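K.L.:
One predicted model, sequence on top.
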Amino acid sequence: MRGKSGEKLPLPTCPCSPSGGIFAPGSHPPRGLWQEFSPQRFLHQVKAECHFSNASGQVQLRYLERFIYDRTEIVRFDSARDRFEALTPLGEPTVKRWNSCKEELQRARATMDLFCWPGCSGPFAHGRLKPVVTVSPTKDDPLSPRTLLLCTAASFYPREIKIHWLKNGRRATEGVLYGEELHNGDWTYQIQVMLEDTPQRGDVYACQVEHASLKTPLIVRWERRTSASARSKVWTGVTGALLGMVYLAVGLSLYLRSKKGKGALEGTLGGRYVWL
């Protein structure tokens with residue numbers, strides 16, 4: 001058995017290991033136990049898993065060595081308990097022997113040290129990535145007064161994150177729907193939280209995000225925007241009002257000029273008639 005970096009992992013050397021029981025990584029399938037349940041065809045898997053976590057600021061490691069027979073996990077070694085565990089009655093005799101054998105327990109611990117701890121030097125073992133937070137309304141029923149707001153936090157690490165919706169500075173508890181954290185495949189995660197509400201004039205909504213990569217909570221506000229049709233109607237009304245004022249000013253100016261010219265002509269004619 002070899003690790004991800006190609007190093008050869010320790011093989012079981014414990015004389016206490018059962019000759020007809022479950023075998024450890026790197027050994028060959030023993031006769032007896034497996035053939036008893038599947039004499040012709042069977043699937044046997046041995047999986048070694050390293051689980052990392054640094055949510056508390058310190059790297060925590062858990063090593064699992066899983067023995068699987070025909071899609072059923074029979075036995076596992078869990079470093080959190082530092083012993084082998086039987087998950088079915090089939091594995092109980094093997095677990096009893098392996099836990100009583102110091103060499104077998106030492107082999108599992110050595111495998112964890114050789115296979116898992118080198119991975120702690122990876123870029124994400126101690127690193128933290130800040131979430132990219134966006135707030136946007138989703139498509140809703142135009143006949144309904146309710147609005148659906150979606151808060152998306154993406155590309156963050158580690159996985160643990162807290163997201164809350166705020167309405168006018170207070171935490172919203174009704175109409176909130178939390179999604180599941182999704183793994184992006186590159187160690188980062190994303191999550192979405194939806195809020196369904198009926199906005200009133202003056203209401204202010206915000207998405208608050210708390211994460212290990214942030215010193216203070218990140219708050220992204222949402223402002224209700226006027227639709228394109230509503231903006232078009234507003235501009236049409238404003239333009240019409242301005243044109244009306246211009247026409248009114250021009251008409252009033254022409255009227256005053258004509259009235260002033262007519263009064264001056266009558267005064268001149270009147271003076272002539274007086275002097276004649």
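P.N.:
Good, I have the coordinates.

K.L.:
Relative to residue 60, how far out is residue 90?
P.N.:
Taking C-beta to C-beta, to the nearest Å as the measure, residue 90 falls 31 Å from residue 60. C-beta: built from backbone N, CA, C; applies to glycine.

K.L.:
Looking at these two, which is more packed in?
P.N.:
residue 90 (17 against 11; other C-beta atoms under 10 Å).

K.L.:
Unless I misread the structure, that one falls within a strand.
P.N.:
No - assigned with DSSP: H, G, I helix; E, B strand; the rest coil, residue 90 falls outside any strand and is helix.

K.L.:
tell me the SS of the nearest residue to it once chain neighbours are set aside?
P.N.:
Distances taken as C-beta to C-beta, 6 or more residues apart in numbering put residue 74 closest to residue 90, at 5.4 Å, once the chain neighbours are dropped. At residue 74 the chain is in strand, as set by three-state DSSP.

K.L.:
lowest-confidence helix or strand of this structure?
P.N.:
Using mean pLDDT, DSSP states H and E, the weakest-scoring helix or strand in the chain turns out to be helix 33-37, at a mean of 45.

K.L.:
What are the boundaries of the strands in the stretch 101-250 of the chain?
P.N.:
All strands of the stretch 101-250 of the chain, identified by DSSP state E, counting those that start in this stretch, fall at 132-137, 147-156, 161-167, 170-171, 176-178, 182-183, 189-197, 205-211, 218-222.

K.L.:
what does the first one rub up against?
P.N.:
Around strand 132-137, the neighbours that count as contacts under C-beta atoms under 8 Å, 6 or more residues apart in numbering are 147-156, 205-207, 209, 218, 220-222.

K.L.:
Can you turn the buried part of these into a ChimeraX selection?
P.N.:
Of the contacts of strand 132-137, the buried ones go into a single ChimeraX selection, burial set by 16 or more other C-beta atoms under 10 Å:
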select :147,148,149,150,151,152,153,156,205,206,207,209,218,222
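
K.L.:
following the least confident helix or strand of the chain, which helix or strand shows up next?
P.N.:
Moving toward the C-terminus from helix 33-37, the next helix or strand (DSSP states H and E) is strand 44-53.

K.L.:
and after that next one, which helix or strand comes next?
P.N.:
Assigned by DSSP H and E, the successor of strand 44-53 is strand 60-69.

K.L.:
before we move on, back to that, and of the strands of the stretch 101-250 of the chain, who's closest to residue 104?
P.N.:
Shortest distance between residue 104 and the strands of the stretch 101-250 of the chain, using C-beta to C-beta, is found for strand 182-183: 33.7 Å.

K.L.:
what lines up beside the closest one in the sheet?
P.N.:
Using DSSP bridges, strand 182-183 pairs in its sheet with strand 189-197 (antiparallel).

K.L.:
Which residue is the nearest non-sequential neighbour of residue 182?
P.N.:
residue 190 (5.2 Å).

K.L.:
Give the burial count for that neighbour, as a bare number.
P.N.:
For residue 190, the count of nearby residues is 17 (other C-beta under 10 Å).

K.L.:
got the phi/psi numbers for residue 97?
P.N.:
phi -70, psi -40 (degrees, to the nearest 10).

K.L.:
what's the spacing between it and residue 86?
P.N.:
From residue 97 to residue 86 the distance is 11 Å (C-beta to C-beta).
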